[in-house]
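**Q** Provide a 3D model corresponding to the input given below.
(chains A and B)
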Amino acid sequence: MKAFEVNPEGVSSAELVVGIPSYNEAPAIATPTTQADKGLSKFFPDRKSVIVNCDNNSPDGTRQAFLDTPTKHPKIYVSTPDGVTGKGNNLRNLFEKAVELSAKAVIVVDADIKSITPQWVRNLGEPLFEDSAYVTPLYVRHKYDRLVNNVIVYPLTRALYGRRVRQPIGGEYGFSGDLARTFLQSDAWTKDVGEFGIDVWMTSLAMLSRVPVIQSFMGSSKIHRVKDPESDPGPVFRCVIATMFDLMCRHQDFWKEVKWSRPTRVFGFGSEVTVPPAVMVDLEALWQRFLSGTGSRWDLYREILQEQTSGKLQEVASLPKEGFEFPTVLWARVLYDFSWAYRNQVVPPDDLFEALVPLYFARALSFVIETEAMNNQQVEEIIEDQCLQFEKTKPYLLERWFSA
Amino acid sequence: MTLVREIAEKWEAAVAKILIVDDEEGIRMLYSMELRDDGYEVITLPDGRGLLDVVDSEQPDCIVLDIKMREYDGLDLLQQIRKRHYDLPVILNSAYSSFKVDLKAVAADYYVVKSSDLTELKEKLRVALEARIPRD
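**A** The predicted structure follows:
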């Protein structure tokens, strides 16, 4: 994949690699680069380290902004070929580079992250030099930041693979050099993974590989560019869901044996917890997008959903906005039915994902109404309960998926 | 579920060994009595002293761990258990619901607030013992 590389210091090996994937991040990339450099100096002074910007040949000058950022550690810039974009393709270049450098550990931080501290580098990297192979972040996020994670990705990955990883698509990770090789050699790479499905793909593969996974407490909130939950989820939503469904098809023998879920270990306590910035949600916009999106699709829903589930969904659609509720068990059944329909190609994939979007808006609306007056901790308890409902409802999926 | 499997699972649960770590003697007695009545084998510890050695020697199937014990912090003990026994089910059991907000509690399988009604604890025990992830 790699198209071209700038390696000013001719680095040919490194124990520890910090990767920063980017596309048009010229104004932002200095922050993670500087903090990564400080973290490497402070916490890994004896490790041979390098900072790698894996980019999509951004036209906005990201490469120069990265290379011009003063650092004590060497830097390498790698880019995908012209016209190839996607975070996944950038990370594929990072996997290749990490294997080429014989890295023992790889840390990934998003380029748009504003709240990164040197401590993050320690917390993502140190477990990899102990006995962990995959590290995900644990940080406080606003209850409506990344709603798609709270209402789909976390409960579904947990119910499927049995491992509780609270931020499976957090954006920051650590993984061993061996796991980088596993990622590179995986035959489950798809176009969606190459774009925005990469986060859930890596986390799912780590769980499927049965390597020790650990969640690392970052100590400060994630502050980054936040998209309004009601804005068009577009290609990101599609890539994430398609990747999850695709992995379900490939690894059914694994997840059919999983019952309930197990916690993961946690690393790094004692740091100060900051309050994340608020994410505002426009309830009316969610409501309107639910109504307009479902309006002409009832025939499609009847093809995808089991009869009883389809009937319940129609019941939900007839509720008024005030006090609107999309029950968790019904939501779990809807997602399980959609995954079955994807596997069986009941409708073309594009139609399937487009049909799921308005239902996602409805579930998001219900979640926001339910949690509006709650603090973050109370919301965590709601999410925990939601996950248990997904786990309890799993026999519904097993029955449909594996019935003749 | 087939009848054979149902019986097998009941049998599995019935012989499970539960380690109760709590500094209140009354709690240890109550839990021991109730869980033995349900067919579990129960061992107890009054605090965290020697906990890891007991876990190594007795190999319990699940630990019910108090959080506030005089000299010991159950959340710290949980971290020690997790380092040595990655997948051993641990249920935190506290009189205080406030410890739920402590991120260290995330490493536990479940968190149950103490009560004289053991219904929730028993339900979480059952689920924790049933949980499984395929191994190579």
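**Q** burial check on residue 97, number of neighbours?
**A** Answering for chain A, as no chain was given. 24 (other C-beta atoms under 10 Å in any protein chain shown). Bear in mind the C-beta positions are built from the backbone N, C-alpha and C, glycine included.
**Q** should've been chain B
**A** Neighbours of B:S97 under the rule other C-beta under 10 Å: 12.
**Q** what's the closest non-adjacent residue to it?
**A** B:V113 (5.1 Å; C-beta to C-beta, 6 or more residues apart in numbering or on different chains).
**Q** ditto for A:A317
**A** A:T294 (5.9 Å).
**Q** then A:L359?
**A** Closest to A:L359 by C-beta to C-beta, 6+ apart is A:V334, at 5.9 Å.
**Q** who's in contact with the helix or strand that contains the one you found?
**A** Using DSSP states H and E, the element containing A:V334 is helix A:328-343. Residues outside helix A:328-343 that contact it (C-beta atoms under 8 Å, 6 or more residues apart in numbering or on different chains) are A:151-152, A:155-156, A:159, A:241-242, A:244-246, A:248-249, A:303-306, A:309, A:312-313, A:316, A:346-347, A:349, A:352, A:356, A:359, A:363, A:385-386, A:389-390, A:392-394, A:396-397, A:400-401.
**Q** any low-confidence regions in chain B?
**A** Within chain B, the stretches with pLDDT under 70 are B:1-14, B:136.
**Q** on that earlier part again, narrow the contacts of helix A:328-343 to those that are buried.
**A** Neighbour-count burial (16 or more other C-beta atoms under 10 Å in any protein chain shown) is assigned, among those, to A:151-152, A:155-156, A:159, A:241-242, A:244-246, A:248, A:304-306, A:309, A:312-313, A:316, A:347, A:349, A:352, A:356, A:359, A:363, A:386, A:389-390, A:393-394, A:396-397, A:400-401.
**Q** need the strands for the stretch 151-300 of chain A, in chain order.
**A** For the stretch 151-300 of chain A, applying DSSP state E, counting those that start in this stretch gives strands covering A:173-176, A:213-217, A:265-267.
**Q** now do the residue nearest to A:L359: how many residues are near it, please.
**A** 25.
**Q** and it, how close does it get to A:Q378?
**A** 25 Å (C-beta to C-beta, to the nearest Å).
**Q** and the strands of the stretch 151-300 of chain A as a markdown table, adding mean neighbour count?
**A** Shown next, in a markdown table, are the strands of the stretch 151-300 of chain A (neighbours: other C-beta atoms under 10 Å in any protein chain shown):
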| stretch | mean neighbour count |
| --- | --- |
| strand A:173-176 | 27 |
| strand A:213-217 | 25 |
| strand A:265-267 | 21 |
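**Q** out of the ones you listed, which gets nearest to B:M33?
**A** Evaluated with C-beta to C-beta, these place strand A:265-267 nearest to B:M33, the distance being 33.1 Å.
**Q** average pLDDT across the closest one?
**A** Here strand A:265-267 scores 90 as its mean pLDDT.
**Q** for whatever residue of the stretch 301-404 of chain A ends up closest to chain B, what is the enclosing helix or strand?
**A** Nearest residue of the stretch 301-404 of chain A to chain B: A:Q377, at 4.8 Å (C-beta to the nearest C-beta). Counting by DSSP H and E, the element that carries A:Q377 is helix A:376-392.
**Q** and A:T136, by the same measure?
**A** strand A:134-138.
**Q** what does that strand rub up against?
**A** The contact list for strand A:134-138 (C-beta under 8 Å, 6+ apart) reads A:120, A:123-125, A:127-128, A:165-168, A:170-176, A:179, A:202-203, A:206, A:211-218, A:222, A:266-267, B:103, B:106.
**Q** immediately after that strand, which helix or strand?
**A** Proceeding N to C from strand A:134-138, the next assigned helix or strand is helix A:147-148, under DSSP H and E.
**Q** packing partners for that following helix?
**A** Secondary-structure packing of helix A:147-148 (3 or more C-beta pairs under 8 Å, 6 or more residues apart in numbering or on different chains; DSSP states H and E): helix A:234-250, helix A:349-371.
**Q** next one: it to chain centre, how far?
**A** Distance, stretch centre to chain centre, for helix A:147-148: 10 Å (C-alpha atoms, centre = their mean, to the nearest Å).
**Q** before we move on, what about stretch A:82-94?
**A** The mean C-alpha position of stretch A:82-94 is separated from the chain mean by 16 Å, C-alpha atoms, centre = their mean.
**Q** how close does the residue nearest to A:L359 get to A:F390?
**A** From A:V334 to A:F390 the distance is 11 Å (C-beta to C-beta).
**Q** residue contacts, residue 15?
**A** All of this is about chain A. Going by C-beta under 8 Å, 6+ apart, the list of residues near A:E15 reads A:47-49, A:103-105.
**Q** oops, I was thinking of chain B
**A** B:39, B:41.
**Q** can you get me a residue count around A:E384?
**A** A:E384 has 17 neighbours, counted by other C-beta under 10 Å.
**Q** ditto for the one 4 residues further on
**A** Around A:L388 there are 18 other residues, counting by other C-beta under 10 Å.
**Q** any idea how far A:V6 is from it?
**A** Applying C-beta to C-beta, the value for A:L388 to A:V6 is 49 Å.
**Q** equivalent analysis for B:A105, please.
**A** Per C-beta to C-beta, B:A105 is found 46 Å from A:V6.
**Q** now A:A28
**A** According to C-beta to C-beta, A:A28 and A:V6 sit 19 Å apart.
**Q** could you do A:V109 as well?
**A** 20 Å.
**Q** so for the two, which sits in the more crowded spot?
**A** Neighbour totals were compared for A:V109 and A:V6, and A:V109 leads with 26 against 14 (other C-beta under 10 Å).
**Q** for the more buried one, give me its contacts.
**A** Here A:V109 is in contact with A:18-20, A:32, A:36, A:116, A:120-121, A:124, A:171-172 (criterion: C-beta under 8 Å, 6+ apart).
**Q** in helices, which of the residues you listed fall?
**A** Judged by DSSP state H, helices contain the following of these: A:32, A:36, A:120-121, A:124.
**Q** those, buried ones only, as a ChimeraX selection?
**A** Buried members of the ones in helices among the contacts of A:V109, defined by 16+ other C-beta under 10 Å, are picked up in ChimeraX with:
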select /A:32,36,120,121,124
